[in-house]
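Q: sequence first, then the predicted structure:
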Amino acid sequence: MGERWRKVTDGGERSLIKAPSSASISSQGAPAAAAPAPAPAAPSTSTGDLERAARKQFQQDVTPGFVYVLAAFSAMGGFLFGYDTGVISGAMLLLKKELELSALWQEMLISSTVAAAALSALLGGVLNGLFGRRVCILLASFFFTVGGIVLSTAPGKEVLLAGRLIVGVGLGIACMTVPVYIAEASPPHLRGQLVTVNTLFITGGQFTASLVDGAFSYLQHDGWRYMLGLSVLPAVLQFIGFLFLPESPRWLIQRGLTQKARRVLSQIRGNQNIDEEYDSIKNSLDEEDSGGGGDGPVIWRMLTYPPTRRALLVGCGLHMFQQVSGINTIMYYSATILQMSGVRDDKLAIWLACLTTLTNFLFTLLGVWLVERVGRRKLTLGSILGTCLSLSVLAVGFLMSAQHSPPVTLHPTNPSLANSTCSKYQLCEPCMLDPKCGFCYRENGSALLASSCVPVNKASTEHAAWGRCSNSSLMKDQTYWAYNYCPTSYSWLVLLGLVLYLAAFAPGMGPMPWTINSEIYPLWARSTGNACAAGVNWTFNILVSLTFLHLAQYFTYYGAFFLYSSMALLGFFFIYGCLPETKARRLEEIEALFENQLCSCGASDSDEGRQVEYIRVKGSNYHLSDNDASDVD
Ligand SMILES: O[C@H]1[C@H](O)[C@@H](O)[C@H](O)[C@@H](O)[C@H]1O
């Protein structure tokens, strides 16, 4: 069709754009298909209006509903990620009583899923390359379904462990495949938003899990079976949906299945001309075959080829900083934070914990709205800075509580436990930091009376091993048992820190590591890059959750939160230096952003003007800034 390819140097960056054919451009260089036509009297404004109108027209034109359906079915993988990681805390409260689980078994049932996810995310990289995204998502939903059935029917703890491992395998494969699949199917101007929807579904899954935990917590017998088994429904729905959804066109082209790829592209691009996108994917694959990377396993080629090595460092770094800024500790710890602020009823604390997951969900929604407006870089930078500051607020809250820790006024001893360390503490702070002890006290207005530090009941941390706080019927007369926290008048500061933290973390640091990783690798390295980055995410997830209580014991709570805050600060500098803006670029152009030295990628890319946007002009594609008359034949 006489199409010309033109290389544009835009802010020092190289990008390929297709020059418009004369037939499709008006004499002012404006796209003829755009409506409404601008007033001729004000050329600069009219061009702007025209561009805006054309952009609008383009965006309406090129985004068929099918892409949204595809993104929603894929993001069910995110929902299951959130649900299965979130639901276990509520299920565990019932499980440990019913199956009399030791602390080791509780730990194993919680961590096994995360550990299996870390390993299977790496395996997912290989599977993605071999069998494609669609098969991997089908496989993940199959694992979720089988895992859910095994969990809900488990006769004992061993089978439960097997179920948790199966779910973990599904999780690992889903978490690295879904963002890649959505990114590869989305048009550039919507990609960020649609991939971020996956994290919205993760936090939606966490919120749903907390509601389900709350609802079934009243069902003391077998309530956990419903909690764990309900995940089968979205898993089956996703499996059925994916029987009808297509494979990623990029993977098909990579595999040489060109006709099929063209069919899928037409299906997901509606009435847009797909030639340019098809050619651009094909060209970048040809370039890759003859260019960077060399021979050997993909991970080796990635590490020896500077642009992919840098991208991998950025991708893994983002996931590491996401986890070391403590999101899962905060989520897990939120119930205790709420108890510190005076919520003493256990059931009420469970329902209020839903507020934390709801806040996380709502602020992720803000991220979906912001990602294409402010771009990935600004959003991530703002978010990690806010995360760092709010962690400091939390830490100061804990510091103030520690400095005003109530004293232990009674030192009762039980003859059989006379040499317990608990009775030696003089303040609540060291008592609550010792996992074997808790604080029993009576409250009279705002004054604390008759406080003691006593051993915790080994079977349930809800009561003391002996004495006034060992039994609910004895705990009348304003007597309370505080395990893991101290009553404090600074709880408002901690609560403020919690809300600020979620507001800052959820729109950026929550979703952006997933979104950015789905974009920054060239096609040949995409599944391996995402697999490694997801592996890093799960590894740090497990490290942070397993070390939190020890950290708190050695450095106190405020020490732990100051540590997370400094990690977030380090993360800010890392992102500032190394993360380029990928907004609105074609996936095939993004490799070029990593051509310079690693820590110049970020700084050189703050210029928004370099973004490449396309508008459709009578079935062709036209670069928005390409509207001067000289371009028209
Ligand atoms: O992006 C997600 C999200 O922010 C979740 O709330 C968190 O639990 C996950 O660990 C994280 O990867």
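A: Sure, I can see it. Computed from a predicted model, the values in this text were never measured in an experiment.
Q: what stretches of the stretch 401-550 of the chain score poorly on pLDDT?
A: Within the stretch 401-550 of the chain, the segments meeting pLDDT under 70 span 413-419.
Q: up against the ligand, what does the chain have?
A: Residues of the chain found near the ligand (Cβ under 6 Å from any ligand atom) are T199, I202, T203, Q206, Q322, I327, N328, N360, G510, P511, N537, N541. The C-beta positions use only the backbone N, C-alpha and C, and glycine is treated the same way.
Q: which one of those is nearest to K260?
A: Of all the residues of the chain next to the ligand, T199 has the smallest distance to K260: 29.9 Å, by Cβ to Cβ.
Q: ok, the residue of the chain found nearest the ligand to L200 distance?
A: Closest approach between the chain and the ligand, counting by Cβ to the nearest ligand atom: G510, at 3.1 Å. For G510, the distance to L200 equals 9 Å [Cβ to Cβ, to the nearest Å].
Q: hang on, the earlier thing: same list (the residues of the chain next to the ligand) but as a markdown table, adding neighbour count.
A: Output for the residues of the chain next to the ligand, formatted as a markdown table (neighbours: other Cβ atoms under 10 Å):
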| residue | neighbour count |
| --- | --- |
| T199 | 26 |
| I202 | 28 |
| T203 | 29 |
| Q206 | 25 |
| Q322 | 29 |
| I327 | 21 |
| N328 | 17 |
| N360 | 26 |
| G510 | 26 |
| P511 | 32 |
| N537 | 26 |
| N541 | 22 |
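Q: re earlier: between G510 and L200, which contacts overlap?
A: Applying Cβ atoms under 8 Å, 6 or more residues apart in numbering, one finds that G510 and L200 are jointly contacted by T364, G367.
Q: possible to save the residues of the chain next to the ligand as JSON lines with secondary structure?
A: Converted to JSON lines, these look like this (DSSP: H, G, I helix; E, B strand; the rest coil):
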{"residue": "T199", "secondary structure": "helix"}
{"residue": "I202", "secondary structure": "helix"}
{"residue": "T203", "secondary structure": "helix"}
{"residue": "Q206", "secondary structure": "helix"}
{"residue": "Q322", "secondary structure": "helix"}
{"residue": "I327", "secondary structure": "helix"}
{"residue": "N328", "secondary structure": "helix"}
{"residue": "N360", "secondary structure": "helix"}
{"residue": "G510", "secondary structure": "coil"}
{"residue": "P511", "secondary structure": "coil"}
{"residue": "N537", "secondary structure": "helix"}
{"residue": "N541", "secondary structure": "helix"}
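Q: identify the farthest-apart pair in those residues.
A: Distances among those were taken as Cβ to Cβ; the most separated pair is N360 and N537, at 16.4 Å.
Q: A261: what secondary structure?
A: At A261, secondary structure determined by three-state DSSP is helix.
Q: need the pLDDT of it.
A: Per-residue confidence at A261 stands at 92 (pLDDT).
Q: for it, which non-adjacent residue is closest in space?
A: Nearest residue to A261 in three dimensions, chain neighbours excluded: L252, at 3.8 Å (Cβ to Cβ, 6 or more residues apart in numbering).
Q: so the one you found is in which element?
A: Assigning secondary structure by DSSP states H and E places L252 in helix 249-254.
Q: could you pull up the mean pLDDT of that helix?
A: What helix 249-254 shows for mean pLDDT is 92.
Q: okay, K282 and A335: tell me how far apart.
A: Distance, K282 to A335, by Cβ to Cβ: 53 Å.
Q: list the residues that contact I173.
A: S120, A121, L123, G124, L127, C136, I137, L139, A140, F143.
Q: at 6 Å instead, please
A: Residues near I173 by Cβ atoms under 6 Å, 6 or more residues apart in numbering: S120, G124, C136, L139, A140.
Q: got a markdown table for those residues, with pLDDT and secondary structure too?
A: Output for the contacts of I173, formatted as a markdown table (pLDDT from 0 to 100; DSSP: H, G, I helix; E, B strand; the rest coil):
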| residue | pLDDT | secondary structure |
| --- | --- | --- |
| S120 | 96 | helix |
| G124 | 94 | helix |
| C136 | 97 | helix |
| L139 | 97 | helix |
| A140 | 97 | helix |
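Q: out of the residues you listed, who's the most crowded?
A: A140 (31 neighbours; other Cβ atoms under 10 Å).
Q: okay, now the nearest residue to T258 once chain neighbours are set aside: neighbour count?
A: Excluding its sequence neighbours, the residue lying closest to T258 (Cβ to Cβ, 6+ apart) is L252, at 7.5 Å. L252 has 24 neighbouring residues, counting by other Cβ under 10 Å.
Q: wait, isn't L252 in contact with Q259?
A: No - using Cβ atoms under 6 Å, L252 is not in contact with Q259, being 8.9 Å away.
Q: which of the three states applies to the closest residue to S334 other than its chain neighbours?
A: Distances taken as Cβ to Cβ, 6+ apart put T356 closest to S334, at 4.0 Å, once the chain neighbours are dropped. At T356 the chain is in helix, as set by three-state DSSP.
Q: cool, and F439?
A: Relying on three-state DSSP, one would call F439 strand.
Q: pretty sure W514 sits against P179.
A: Yes - with contact defined as Cβ under 6 Å, W514 reaches P179; the gap is 4.9 Å.
Q: restricting to C-alpha, output stretch 74-86 in PDB.
A: Taking Å, rounded to 0.1, in the frame of the first residue of the first chain, the C-alpha atoms of stretch 74-86 are listed here in PDB:
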ATOM      1  CA  SER A  74      -6.800 -13.300  32.700                       C
ATOM      2  CA  ALA A  75      -7.000 -11.200  35.800                       C
ATOM      3  CA  MET A  76      -8.900 -13.900  37.600                       C
ATOM      4  CA  GLY A  77      -5.500 -15.400  38.000                       C
ATOM      5  CA  GLY A  78      -4.700 -12.200  40.100                       C
ATOM      6  CA  PHE A  79      -7.900 -12.700  42.000                       C
ATOM      7  CA  LEU A  80      -6.900 -16.200  42.900                       C
ATOM      8  CA  PHE A  81      -3.400 -15.000  43.900                       C
ATOM      9  CA  GLY A  82      -5.000 -12.500  46.300                       C
ATOM     10  CA  TYR A  83      -7.700 -14.900  47.600                       C
ATOM     11  CA  ASP A  84      -5.400 -17.900  48.200                       C
ATOM     12  CA  THR A  85      -2.700 -15.900  49.900                       C
ATOM     13  CA  GLY A  86      -5.200 -13.900  52.000                       C
END
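Q: please tell me how far it is from the chain's geometric centre.
A: Stretch 74-86 has its C-alpha centroid displaced from the chain centroid by 10 Å (Cα atoms, centre = their mean, to the nearest Å).
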